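Asks: Okay, sequence plus prediction incoming.
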Amino acid sequence: MTERKRAMLREEVLALLKARQGAPLSGEAMSQMLGVSRAAVWKAMEALRQEGYVISSAPRRGYALEDSPDRLSPGELMDPNRQVGKALVCLDTVDSTNNEVKRRAVDAVPDGLAVVAAQQTGGRGRRGRTFVSPPGGLYLSALLRPQCPLEQVSALTAWSAVAVCDAIQQVCGVRPGVKWPNDVILEGRKLCGILTELELEGETAALRYVVVGIGVNLSQTEADFGPEVAPVAISLAQALGTAPRRAEVAAALLDALDRLDRDFPGKWDSWLERYRKDCITVGKPVQVLQGSQARTGTAVGVDDSFALVVRWEDGAQEALSSGEVSVRGLLGYV
Ligand code: BTN
């Protein structure tokens, strides 16, 4: 068996054990399910133990997964019931998970391809900014091919923020807020950034695909963020005292993106309602940057197309869409 095949088998064995949620599964059953010998299953089990998995074994009952290291791998994240993440690439480091999805996004690649990384060397943010991406964060991008008119696609960025809030709430029990359009906020600082990129057909301008890229801060310290980012960023470890396992957060994100993929754009109204609840910008004074112009006003609502409605100081109201403007809080980061 080649090293590549051995690695794949290891991940498949892990996925089977995880699906049992701690209940035992016999080596015989696994060898039949995977079409390999019992000796190969045993070797995969030993290799997993070497990587830090605690796997108990009892005669006649089989193997049970008792504890797992904090590791991003297909065996940890695979779930055949999801379309998002069905094709999955896990990397220790990459320039940008969005770039990696784009490099792989040829026509035959299925909707839902996801790339997950533990570190990015060229993380990208909105408006051409750099997204500092040290170890301790989780960087995930997914390829989506929504069936909808182009004008609806920009709402995906707001929907993704709601999906991230769902995932964090599921794993950590706290629900972050959303700074319009899609910064995910905890304790007044940025917990997660989202970059949505579109690829259009050159001649027809039809949508080819969308890449949703998510960077969540899990265990970074002030020093990891660096002096420029630290005052406005927060990790789950800083906020909650402990960081969840990366694989648990990644799996919850894939679940949430899978729901998004199924609901978009059909369940528009229910996601809009949830977005309005999560959006912490509404009711706050804001500074709106449009090109070189800066204006101040108060955010008064989110309209039906997820645009931010701002009342200017002269009393006039305007709906701002996320591609056109950048919004800053006047009182601190949010
Ligand atoms: C922003 O806050 O400006 C958006 C940041 C988006 C960062 C994520 S991390 C995963 C994906 N890969 C990237 O290069 N960017 C996005």
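Replies: Everything's here; your move. Residues are numbered from 1 along each chain as shown.
Asks: What ranges does the stretch 1-150 of the chain have for its strands?
Replies: Along the stretch 1-150 of the chain, the segments classed as strands by DSSP state E, counting those that start in this stretch run 54-58, 62-67, 88-91, 114-117, 137-144.
Asks: Reformat these as TSV; add distance to Leu320, mean pLDDT and mean neighbour count.
Replies: (Glycine included, C-beta is placed from N, CA and C.) Shown next, in TSV, are those (distance: least, C-beta to C-beta, whole Å; pLDDT from 0 to 100; neighbours: other C-beta atoms under 10 Å):
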stretch	distance to Leu320	mean pLDDT	mean neighbour count
strand 54-58	52	93	13
strand 62-67	49	94	17
strand 88-91	36	96	19
strand 114-117	31	98	27
strand 137-144	24	98	26
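Asks: Next, format those strands as a markdown table and append distance to the ligand.
Replies: Output for the strands of the stretch 1-150 of the chain, formatted as a markdown table (distance: least, C-beta to the nearest ligand atom, whole Å):
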| stretch | distance to the ligand |
| --- | --- |
| strand 54-58 | 31 |
| strand 62-67 | 28 |
| strand 88-91 | 12 |
| strand 114-117 | 8 |
| strand 137-144 | 4 |
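Asks: hey, C-alpha coordinates of the helix or strand of the chain with the lowest mean pLDDT in CSV?
Replies: Counting by mean pLDDT, DSSP states H and E, the chain has its least confident helix or strand at strand 326-329, which shows a mean of 78. Provided in CSV are the C-alpha atoms of strand 326-329 (Å, rounded to 0.1, in the frame of the first residue of the first chain):
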residue,chain,number,x,y,z
SER,A,326,-16.9,51.0,4.4
VAL,A,327,-18.6,51.7,7.7
ARG,A,328,-16.8,52.6,10.9
GLY,A,329,-18.2,52.9,14.4
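Asks: Mind listing what's buried along it?
Replies: 327, 329 (16 or more other C-beta atoms under 10 Å).
Asks: hmm, that strand touching the ligand?
Replies: No. Strand 326-329 does not reach the ligand (C-beta under 6 Å from any ligand atom); its nearest approach is 9.9 Å.
Asks: Show me what that strand packs onto, helices and strands only.
Replies: strand 285-290 (3 or more C-beta pairs under 8 Å, 6 or more residues apart in numbering; DSSP states H and E).
Asks: Quickly check: the strand it packs on near the ligand or not.
Replies: No. On the criterion C-beta under 6 Å from any ligand atom, strand 285-290 is out of touch with the ligand, staying 13.9 Å away.
Asks: Show residues contacting that strand.
Replies: 294-299, 310, 320, 324-331 (C-beta atoms under 8 Å, 6 or more residues apart in numbering).
Asks: Name only those of those residues that count as buried.
Replies: 297-299, 310, 320, 325, 327, 329.
Asks: Tell me the one of those residues nearest the ligand?
Replies: Minimum distance to the ligand across the buried ones among the contacts of strand 285-290 is 12.7 Å, recorded for Val327 (C-beta to the nearest ligand atom).
Asks: will you turn the strands of the stretch 1-150 of the chain into a markdown table that also has distance to Val212?
Replies: A markdown table is the format used below for those (distance: least, C-beta to C-beta, whole Å):
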| stretch | distance to Val212 |
| --- | --- |
| strand 54-58 | 34 |
| strand 62-67 | 30 |
| strand 88-91 | 15 |
| strand 114-117 | 10 |
| strand 137-144 | 5 |
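Asks: Nearest to Ala47 among those would be which one?
Replies: Closest to Ala47 of the strands of the stretch 1-150 of the chain, according to C-beta to C-beta: strand 54-58, at 10.7 Å.
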